[in-house]
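Participant: only geometry, no sequence info:
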């Protein structure tokens, strides 16, 4: 699975730096795909697939010959030609969403979920001292896992620390994992 947001990003940078009408056209085509996705979000996979085949497939079918035609008119060393070649080379990946209603058009939702974990880990690199970083890492991982699982981090951390102080055996570590808590949205912890 490839990501249309990553394809779009290349052309957005090109449009910002050069004002290229070719890049603008590609961005507009991808915006059409995102509009279809917005309309089908939350539907059953079969319904999403049917809508994609009706509405997105013609957009995708028009993009490929358009790109090839533009590429033939550009200098092979230009940045725009490089971006077009990159999308042509990986063309099979971005179009998989037309074959399976369970797939997303892009990977943005997944990236947004893992970004806090990655940023927390990266921020741990600046913990002033190796020992401080070693102590901070498990705590940061616990808080990030709570957020991803919809668990209130304070309640989970409190329960975890109390269990450790009370001598929680390692063989029962699953008893204190974040998933045993109610989601934060219910107010229960």
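Facilitator: Right, received. Where do you want to start? A quick note: this is a predicted structure, and the numbers were derived from the prediction, not measured.
Participant: ok, which stretches of the protein are helices?
Facilitator: Taking DSSP state H as the test, the helices found in the chain are 4-18, 21-40, 45-51, 57-73, 79-89, 108-123, 130-149, 153-165.
Participant: flag every buried residue along the last one.
Facilitator: Of the residues in helix 153-165, 153, 155, 156, 157, 159, 160 count as buried by neighbour count, 16 or more other CB atoms under 10 Å. All C-beta spots, glycine's among them, are computed from the backbone N, C-alpha and C.
Participant: pipe these into JSON lines and attach pLDDT and distance to residue 144 per row.
Facilitator: Formatted as JSON lines, the buried residues of helix 153-165 follow (pLDDT from 0 to 100; distance: CB to CB, whole Å):
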{"residue": "153", "pLDDT": "83", "distance to residue 144": "9"}
{"residue": "155", "pLDDT": "83", "distance to residue 144": "15"}
{"residue": "156", "pLDDT": "81", "distance to residue 144": "11"}
{"residue": "157", "pLDDT": "81", "distance to residue 144": "12"}
{"residue": "159", "pLDDT": "81", "distance to residue 144": "17"}
{"residue": "160", "pLDDT": "78", "distance to residue 144": "14"}
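Participant: can I get these in TSV including distance to residue 84?
Facilitator: Formatted as TSV, the buried residues of helix 153-165 follow (distance: CB to CB, whole Å):
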residue	distance to residue 84
153	45
155	52
156	48
157	50
159	54
160	52
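Participant: looking at those, which is nearest residue 31?
Facilitator: Closest approach to residue 31 among the buried residues of helix 153-165 (CB to CB): residue 153, at 36.8 Å.
Participant: wait, that closest one touches residue 147, no?
Facilitator: Yes - the pair residue 153 / residue 147 is scored as a contact, 6.5 Å apart, by CB atoms under 8 Å.
Participant: re earlier: let me know the closest of the buried residues of helix 153-165 to residue 76.
Facilitator: Distances from residue 76 to the buried residues of helix 153-165, taken by CB to CB, are shortest for residue 153, at 52.7 Å.
Participant: and the closest residue to that closest one other than its chain neighbours, what's its pLDDT?
Facilitator: Of all residues not flanking residue 153 in the chain, residue 146 sits nearest, at 4.1 Å (CB to CB, 6 or more residues apart in numbering). We have a pLDDT of 80 for residue 146.
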